[in-house]
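Asks: Mind looking at a prediction? Sequence and model below.
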Amino acid sequence: MNNKPQTDCLFLHIPNFIQLSNNTYKLWVNVIAMGVFSMCNELYKHGFNPEIIHYGLEKVKNFRFNIRKYIKQNNIKIVAISLHWHYQTYDSLMVAKRIKEELPETFIFLGGYTSSAFAEDILQKYDFIDAIIKGEGEKPVVKLVSLIKNGEWDLSDVPNLLWRKNGKVIKNNDVWFANEEELNSYNFNGLRFLEDANTYLHLPIKLNVENENTAIVLEQQSTVVCCLGRGCPGNCTWCGGGFNAVKQLTGRNKITLRNPEITAQELLKYNRDYGVGTFYFCYDPYPKNQDNIIKVFEIMGKEMPNKLNVKFECFGLPTFEFIDAVKNNLGDDSQIIISPEFGNEDLRIEHKGEMFGYTNDDLLQTLKYIKEKNIPTLLYFAEVPFQDDKSKQETKDFIEMLETEFKDFERFRTSLMTVNDFEPYAPWTINPEKYGVIPNFKTLDDYVKKNQKYGPEL
């Protein structure tokens, strides 16, 4: 007998399915957006039963898995699709279309950065989408699910919502984003709502899959992405999550940090409940003052001395105090990730801003200190469309110098990537002429076509 409670709202994470050959496809973007977990916890707190399905994972486990059949068999009436990263655009819309075609009474809504960026366009062009939460979703989703579940179709009181009424797209006036008290009250550990959470924790970001082959190539170490706060003070050229972008997408006009004790205890609970030993951080809004993050590490170290590992993406340069906190509190496999982007420091400061930019001398001094502490380090460099041949060569020469300077530092690596992605609302996407680039996609249709790579039958 199935004792599973009736699902009130099904959250779908749909990665980008890319066909590689007749028998092989790739899953790209396997990480579920953190807000999905906090929204599920808020729904549960208010008496609802949410569920999360990672569609890529289910297709890997059973190539014939059919989400429409699953929704019908479980009598699910509300489906939320997380369209966060733009790579998911085509697949997310196609899955939504097929659900609506077979199950027209299903209420389907979207959320996430990409759906927020193109909310009005999506609702005008795709009548199988019933609503979109533009921006932060914890408060809106509770109100929305409550109304739909009770058969109430006037959605005008749901904050951040765009919806369709009598064929017309309505944009609600109430704009909401979480304040400090609210953000601290949210729980981003929501794996209990996810089908097969333990397997999900070991999924790599990219995964090649053979049709009909149920064997999953998993990463050895489970990793969780952590929420330290929301908002960013910077506006890096290529980033769709800077201050101006976030303000346009969510209304957020301030940076809100979570309480270090609450964050640390959440991570420790991940370890206790699921054995998670590595945590990924990609939030560093104030590189010159990392006290909040240092406190998180100190609490983790106090409760589990030198046992938990972090991979930390620095927005600028880490402070020496931060480096000490990693060394003194965390495991030996912890990694500091720095993104100088360019060998030319003027170019770096121009495109990363004064807050996140730094000189090459400062970078060298920081790397020498990290080497003293013997902390694994990864440096990301990039070639971007606005660079000329001279600046590209400067970067290559700078990488060669660093690799020579730190050749005896076994845990030091560099990576040079070509970056030509144009994220919605990134400065170089909004104003390409200013940066001397020609974006290969900018509109909703561009993103749909770009990611129309075809994988298995969705």
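Replies: Thanks, I have the structure now.
Asks: So which other helices or strands are in contact with the helix ranked longest in the chain?
Replies: Determined from DSSP state H, the single longest helix within the chain is helix 389-405. Judged by 3 or more CB pairs under 8 Å, 6 or more residues apart in numbering; DSSP states H and E, the packing partners of helix 389-405 are helix 360-373, strand 377-383, strand 412-418. Every C-beta, even on glycine, is put in place using the N, C-alpha and C of the backbone.
Asks: what comes into contact with the last one?
Replies: Applying CB atoms under 8 Å, 6 or more residues apart in numbering, the contact partners of strand 412-418 are 367, 371, 376-383, 395-396, 399, 402-403, 406.
Asks: which of the residues you listed sit farthest apart?
Replies: 371 and 383 (26.2 Å; CB to CB).
Asks: any idea which helix or strand comes after the lowest-mean-pLDDT helix or strand in the chain?
Replies: Among the helices and strands of the chain, strand 206-210 carries the lowest confidence by mean pLDDT, DSSP states H and E, at a mean of 79. Where DSSP states H and E defines the elements, the next helix or strand beyond strand 206-210 is strand 223-225.
Asks: model confidence over that next one, on average?
Replies: Mean pLDDT, strand 223-225: 87.
Asks: Show me what the very next helix or strand once past it is packed up against.
Replies: Using DSSP H and E, the helix or strand that directly follows strand 223-225 along the chain is strand 229-230. Helices and strands touching strand 229-230, by 3+ CB pairs under 8 Å, 6+ apart, are strand 256-257.
Asks: Which neighbours in the sheet does the strand it packs on have, and how are they oriented?
Replies: Looking at strand 256-257 with DSSP bridges, its partner strands are strand 229-230 (antiparallel).
Asks: Would you mind checking the average pLDDT for the strand it pairs with?
Replies: Computed over strand 229-230, the average pLDDT equals 98.
Asks: Buried residues, whatever helix or strand comes next after that strand. List them.
Replies: On the C-terminal side of strand 229-230, the nearest following helix or strand under DSSP H and E is helix 243-250. Neighbour counts over helix 243-250 (16 or more other CB atoms under 10 Å) mark 243, 245-246, 248-250 as buried.
Asks: Now tell me what touches helix 243-250 from outside.
Replies: Counting by CB under 8 Å, 6+ apart, helix 243-250 makes contact with 113, 116-117, 134-136, 160, 177, 230-235, 239, 252-253, 424-427, all of which sit outside it.
Asks: mind running it again at 10 Å?
Replies: 112-117, 119, 134-137, 160, 175-178, 230-235, 239-241, 252-255, 285, 353, 423-427, 429-430 (CB atoms under 10 Å, 6 or more residues apart in numbering).
Asks: Just the mean pLDDT for that helix, thanks.
Replies: 97.
Asks: shaky segments in the stretch 351-458 of the chain?
Replies: Under the criterion pLDDT under 70, the flagged ranges of the stretch 351-458 of the chain are 454-456.
Asks: what about 90?
Replies: Applying pLDDT under 90 to the stretch 351-458 of the chain picks out residues 385-386, 419-421, 435-442, 449-458.
Asks: So which bits of the helix or strand containing residue 43 are buried?
Replies: For residue 43, the host element (DSSP H and E) is helix 34-45. Going by neighbour count (16+ other CB under 10 Å), the buried part of helix 34-45 is 34-44.
Asks: next structured bit after that helix?
Replies: The helix or strand immediately downstream of helix 34-45 is strand 50-54, counting by DSSP H and E.
Asks: what separates that next one from the chain centre, distance-wise?
Replies: 17 Å (CA atoms, centre = their mean, to the nearest Å).
Asks: what's the straight distance from one end of stretch 274-293 to the other?
Replies: Using CA to CA, to the nearest Å, one end of stretch 274-293 lies 23 Å from the other.
Asks: Kindly report the same for stretch 313-327.
Replies: First-to-last distance for stretch 313-327 - CA to CA - comes to 16 Å.
Asks: So which bits of it are buried?
Replies: Buried, per 16+ other CB under 10 Å, within stretch 313-327: 313-319, 322-323, 325-327.
Asks: For the residues you listed, name the two members farthest from one another.
Replies: 315 and 327 (20.3 Å).
Asks: pLDDT averaged over the helix or strand harbouring residue 140, what's the number?
Replies: Using DSSP H and E, residue 140 falls within helix 138-149. Helix 138-149 shows a mean pLDDT of 98.
Asks: My guess is residue 195 contacts residue 62. True?
Replies: No - with contact defined as CB atoms under 10 Å, residue 195 and residue 62 do not form a contacting pair (11.6 Å).
Asks: what about those two, which has more around it?
Replies: residue 195 (14 against 11; other CB atoms under 10 Å).
Asks: Would you check how far apart the more buried one and residue 70 are?
Replies: 10 Å (CB to CB, to the nearest Å).
Asks: hey, what's in contact with both of the two?
Replies: 53, 58.
Asks: Report the rounded mean pLDDT for stretch 79-92.
Replies: Stretch 79-92 comes out at a mean pLDDT of 96.
Asks: ditto for stretch 95-109
Replies: Mean per-residue pLDDT for stretch 95-109: 97.
Asks: and what of stretch 277-290?
Replies: Computed over stretch 277-290, the mean pLDDT rounds to 96.
Asks: Tell me how this structure divides into domains.
Replies: Following the assignment in automatic domain parsing, the chain carries domains at 9-180, 221-450.
Asks: Of all those, which one comes closest to residue 189?
Replies: Comparing the domains of the chain under CB to CB, the one sitting nearest is domain 221-450, at 5.4 Å.
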